[in-house]
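# got a structure for you, letters missing:
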């Protein structure tokens with residue numbers, strides 16, 4: 001219950017209460033907030049107060065409203081630069097968070113003409129396809145499919161178990177130095193199976209990111225395709241190497257920032 005007779009406005013008290021519930025884990029990143037009517041009843045405030053509090057929290061990049069679906073908790077703490085070469089696990093661990101990955105499939109297959117060109121391997125070569133869902137703490141972030149030339153990394157499948165990092169395996173086991181990458185980012189509609197993992201609806205916008213990583217000799221190390229929920233993800237690009245960026249929110253404040 002909020003205090004009716006103190007100096008702080010009720011909408012600010014409600015904002016503080018919601019933020020505290022996020023901090024203590026009552027509401028986690030990705031969770032749907034109670035409806036306006038439920039918040040109104042729970043805190044004994046007017047609908048105007050609820051709407052003001054929710055709007056302010058959306059503007060602060062703490063919540064996001066999805067048309068026809070409700071209001072959801074965002075996670076604005078994740079910041080990975082678009083031009084980083086390191087793996088997802090390493091970027092998350094640097095921020096004192098817990099990265100996780102769940103293996104969906106692991107297949108050995110013949111390469112296509114397209115992938116043989118990307119990986120600079122003969123068109124008769126075998127490649128390894130590693131499909132995972134990945135995130136941090138309790139938040140699912142993206143679907144990742146990684147393609148590796150199997151001849152370059154013999155017996156790598158025995159390391160692809162548990163909560164593994166492909167980047168760490170290539171670096172520590174096969175002593176690969178990854179120094180450069182190319183990425184192509186496009187927006188498309190989510191497929192049914194993707195929507196189930198990304199907590200969105202089929203047909204919602206997703207980022208489709210195609211990436212090739214190269215070693216110090218400009219030899220392709222691997223190819224990956226990452227799929228992210230477009231409604232809750234924004235990308236930022238900066239030409240400096242500072243950890244702290246001056247831009248705090250994207251132009252559309254109903255999204256949180258994810259720079260990778």
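Cool, the structure landed. Everything numeric here is computed off the predicted structure, so don't read it as measured data. Numbers count the residues shown, from 1 in each chain.
# how close does the residue nearest to residue 183 when sequence neighbours are not counted sit to residue 114?
Closest residue to residue 183 apart from its sequence neighbours, by C-beta to C-beta, 6 or more residues apart in numbering: residue 211 at 4.7 Å. Just so you know, the C-beta spots here come from the backbone N, C-alpha and C atoms, and that holds for glycine as well. Between residue 211 and residue 114 the distance is 15 Å, computed by C-beta to C-beta, to the nearest Å.
# Check residue 72 too.
Distance from residue 72 to residue 114, by C-beta to C-beta: 37 Å.
# Give me the more crowded residue out of those two.
Per other C-beta atoms under 10 Å, whichever of residue 72 and residue 114 has more neighbours is residue 72, with 18 against 10.
# thinking again about what came up before, what about the residue nearest to residue 183, how many residues close to it?
Other residues close to residue 211 by other C-beta under 10 Å number 17.
# Run through the residues that contact it.
Residue 211 sits next to 181-184, 223-226 when contact means C-beta atoms under 8 Å, 6 or more residues apart in numbering.
# got it, and residue 184?
209-211.
# which intervals of the chain have sub-threshold pLDDT?
1, 3-5, 61, 75-97, 137-139, 232, 234-260 (pLDDT under 70).
# Report all helices and strands that the helix or strand hosting residue 225 contacts.
Taking DSSP states H and E as the definition, residue 225 sits inside strand 220-229. When contacts are defined as 3 or more C-beta pairs under 8 Å, 6 or more residues apart in numbering; DSSP states H and E, strand 220-229 packs onto helix 113-119, strand 139-149, helix 192-198, strand 205-215.
# Please list the residues outside the first one that contact it.
The one in question is helix 113-119. 111, 122-123, 125, 127, 147, 149, 212, 220, 222-223.
# Show me which positions of it end up buried.
115-116, 118-119 (16 or more other C-beta atoms under 10 Å).
# now those residues as a markdown table including distance to residue 156?
Output for the buried residues of helix 113-119, formatted as a markdown table (distance: C-beta to C-beta, whole Å):
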| residue | distance to residue 156 |
| --- | --- |
| 115 | 17 |
| 116 | 19 |
| 118 | 18 |
| 119 | 14 |
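# ok, which pair from the residues you listed is furthest apart?
The two members of the buried residues of helix 113-119 with the most space between them (C-beta to C-beta) are 116 and 118, at 7.5 Å.
# did I read that right, residue 25 in a strand?
No - using DSSP: H, G, I helix; E, B strand; the rest coil, the assignment for residue 25 is coil, not a strand.
# Return the backbone torsion pair for it.
phi 90, psi 0 (degrees, to the nearest 10).
# Counting neighbours, what do you get for it?
9.
# Leaving aside the residues adjacent along the chain, what's closest to residue 129?
Residue 129's closest residue in space is residue 107 (C-beta to C-beta, 6+ apart), at 4.6 Å.
# May I ask which helix or strand encompasses that neighbour?
strand 99-110.
# what are the ranges of the strands in the protein?
63-66, 70-73, 99-110, 126-136, 139-149, 178-189, 205-215, 220-229 (DSSP state E).
# Dump those to TSV, plus distance to residue 31.
Listed next are the strands of the chain as TSV, based on distance: least, C-beta to C-beta, whole Å:
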stretch	distance to residue 31
strand 63-66	10
strand 70-73	5
strand 99-110	18
strand 126-136	14
strand 139-149	10
strand 178-189	25
strand 205-215	20
strand 220-229	14
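# Among those strands, which comes closest to residue 55?
Using C-beta to C-beta, the strands of the chain put strand 63-66 closest to residue 55, at 8.5 Å.
# Who are the packing partners of the closest one?
Partner elements for strand 63-66 (3+ C-beta pairs under 8 Å, 6+ apart): helix 47-59, strand 70-73.
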